[in-house]
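Colleague: dropping a prediction and its sequence here:
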Amino acid sequence: MQKQPLRSTILLAASLLAGNAVFAGELDKEIPTQRPEVQVFIDEMTSKHGFDGDELSTLFEQVRMKQKIIDAITRPAEGKPWHEYRPIFVTKTRISEGVKFWNENEADLKRAEQAYGIPPEIIVAIIGVETRYGRHKGSWRVMDSLSTLAFAYPKRAKFFRSELEQYLLLAREESLDPLTIKGSYAGAMGKAQFISSSYRHYAVDFDGDGKRDLWNNTTDAIGSVANYLKRHKWQPGKPVGSYAMASSERIAPLLEAGIKPHTTVKEFRQQGVTALTPLPPEASAALIAFEKKGGQFDYWLGLNNFYTITRYNHSPLYAMAVYQLGQAISAERDG
């Protein structure tokens, strides 16, 4: 086990004592290198990955932490009920734009399906939900977003600290200037909105030009989305799920079991939950509720492929929006 540098140990102790002393009104005025935990992070990046400490200090002196980033992450769209969430993404305009995107990139989508087994409508819908087919890739400097969330958002600091580490590694590997890259308030990047760790592990050079470019290269974005879903165990040719009738008195524990498939379709039927379209009886599924207006719910049996979509964004609302948008795009294109 590698010993932690003495300077890091001292600074980390100081950080724990100080806590997050700079509050909302002061955050935008703060110089990140004044935070002990930032200095700890710099030391770790030098000892663990061979970065130059002085260069990192100069980099962080140019970072601007933003209260608006904290505000944005505390009110995500996924916090809305389904009847408010769906109209954001499943719209006539986004459907027609999806048909156009599909037609313009048909060859790449076919090749991605052949290589990875992912239906074109799912790839198109993910890019459509994420960035409106590449038009809205985010306006925040990723370095600012990740630094703010890593050092001023305790609720998820560990996750975003790891993503900041991955981002700096990505920038070094891809010869990127970390201060010029822009993305979402949460640090997601490019047409496919990959976070740093996903970019490093799942992005592909799908057009063979020697670069993995998810900002400007639609071909790379298509291949990378497909690779991501394949690596997260998409099952080619298998259904995604079905709306269901749910009349069982045991519906509460079935819902509480979570969105990862855990019970077979046959067993669900025995407990009063019946798919409205045919599903393989032995396929594992999860029961998910989607809130309608008036406090009523639609119920959905999500199979493995539905769960795979939630690996892109862990919200079942997101996965359902992707699925329904993809189905609508496919239907309009075929019609």
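Modeller: That came through, no problem.

Colleague: low-scoring pLDDT stretches of this structure, where are they?
Modeller: Where the chain drops to pLDDT under 70, the residues are 1-25, 248.

Colleague: tell me which residues of the lengthiest helix in it come out buried.
Modeller: Criterion DSSP state H: the longest helix present in the chain is helix 316-334. For helix 316-334, a neighbour-count test (16 or more other C-beta atoms under 10 Å) marks 316-323, 325-330, 333 as buried. From N, CA and C alone the C-beta is placed, and that goes for glycine too.

Colleague: from the chain's centre, how far out does it sit?
Modeller: Remark: helix 316-334 is offset 18 Å from the chain centroid, using C-alpha atoms, centre = their mean, to the nearest Å.

Colleague: returning to that earlier point: quick check, nearest of the buried residues of helix 316-334 to Glu267?
Modeller: Each of the buried residues of helix 316-334 was scored against Glu267 by C-beta to C-beta, and Pro316 proved nearest at 20.2 Å.

Colleague: which neighbouring elements make contact with the longest helix of the chain?
Modeller: Counting contacts by 3 or more C-beta pairs under 8 Å, 6 or more residues apart in numbering; DSSP states H and E, helix 316-334 packs against helix 82-89, helix 92-104, helix 120-131, strand 284-291, strand 297-302, helix 304-310.

Colleague: what about 10 Å?
Modeller: Counting by 3 or more C-beta pairs under 10 Å, 6 or more residues apart in numbering; DSSP states H and E, the packing neighbours recorded for helix 316-334 are helix 82-89, helix 92-104, helix 120-131, strand 241-246, strand 284-291, strand 297-302, helix 304-310.

Colleague: wait, which of these is closest to Leu170?
Modeller: Closest of the helices and strands packed on helix 316-334 to Leu170 is helix 120-131, at 18.2 Å (criterion: C-beta to C-beta).

Colleague: for the protein, just list every one of the strands.
Modeller: Assigned by DSSP state E, the strands in the chain fall at 140-141, 182-183, 241-246, 263-264, 273-275, 284-291, 297-302.

Colleague: TSV for those strands, including distance to Ala107 and mean neighbour count?
Modeller: Compiled in TSV, those are given as follows (distance: least, C-beta to C-beta, whole Å; neighbours: other C-beta atoms under 10 Å):
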stretch	distance to Ala107	mean neighbour count
strand 140-141	33	20
strand 182-183	28	22
strand 241-246	29	19
strand 263-264	39	16
strand 273-275	35	21
strand 284-291	35	21
strand 297-302	31	22
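
Colleague: tabulate the ones you listed in CSV, adding columns for distance to Thr33.
Modeller: Output for the strands of the chain, formatted as CSV (distance: least, C-beta to C-beta, whole Å):
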stretch, distance to Thr33
strand 140-141, 17
strand 182-183, 22
strand 241-246, 49
strand 263-264, 52
strand 273-275, 55
strand 284-291, 45
strand 297-302, 46
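
Colleague: thanks a lot, catch you later.
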